[in-house]
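S.K.: have a look at this prediction, sequence included:
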Amino acid sequence: MKFRKLLKRAGQNTVEYLLMLAVVVGVVLVAGAALKKYMPSLMAQVSEKISISADQLGSGGN
């Protein structure tokens, strides 16, 4: 009798973990799609700022 309850709980825990995993995967996929849309322009801005800072450091800050 106790063994059946234990198996039922183990099965319930497995289902709960699978549902949580599905939610996490869904969130990651949605976030990835959103970032993919904005990432190229963001990377270009960061690259430009790094280049400007490097040029200023190379010229002595003038």
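M.R.: On my side now, so go ahead.
S.K.: which element is the residue nearest to the spatial centre of the chain on?
M.R.: Central residue of the chain (Cα atoms, centre = their mean): Val28, 5.4 Å from the mean position. In this structure, Val28 sits in helix 2-58 according to DSSP states H and E.
S.K.: averaged pLDDT, that helix. What do you get?
M.R.: On average, the pLDDT along helix 2-58 is 84.
S.K.: what's the neighbour count on Val23?
M.R.: 10 (other Cβ atoms under 10 Å). Every residue, glycine included, has its C-beta placed from N, CA and C.
S.K.: any idea how far it is from Leu29?
M.R.: 11 Å (Cβ to Cβ, to the nearest Å).
S.K.: check Thr14 too.
M.R.: For Thr14, the distance to Leu29 - Cβ to Cβ - is 22 Å.
S.K.: how far does stretch 25-39 sit from the chain's center?
M.R.: 8 Å (Cα atoms, centre = their mean, to the nearest Å).
S.K.: can you check stretch 22-34 too?
M.R.: That offset, for stretch 22-34, works out to 8 Å (Cα atoms, centre = their mean).
S.K.: show me which residues of it are buried.
M.R.: Buried positions in stretch 22-34, judged by neighbour count with 16 or more other Cβ atoms under 10 Å: none.
S.K.: what about dumping the CA coordinates of it to PDB?
M.R.: Taking Å, rounded to 0.1, in the frame of the first residue of the first chain, the C-alpha atoms of stretch 22-34 are listed here in PDB:
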ATOM      1  CA  ALA A  22       8.500  22.900 -20.600                       C
ATOM      2  CA  VAL A  23       7.800  26.400 -19.200                       C
ATOM      3  CA  VAL A  24      11.500  27.200 -18.900                       C
ATOM      4  CA  VAL A  25      12.100  26.000 -22.500                       C
ATOM      5  CA  GLY A  26       9.200  28.100 -23.700                       C
ATOM      6  CA  VAL A  27      10.500  31.200 -21.900                       C
ATOM      7  CA  VAL A  28      14.000  30.700 -23.300                       C
ATOM      8  CA  LEU A  29      12.600  30.300 -26.800                       C
ATOM      9  CA  VAL A  30      10.500  33.500 -26.600                       C
ATOM     10  CA  ALA A  31      13.400  35.400 -25.100                       C
ATOM     11  CA  GLY A  32      15.800  34.100 -27.800                       C
ATOM     12  CA  ALA A  33      13.400  35.200 -30.500                       C
ATOM     13  CA  ALA A  34      13.100  38.700 -29.000                       C
END
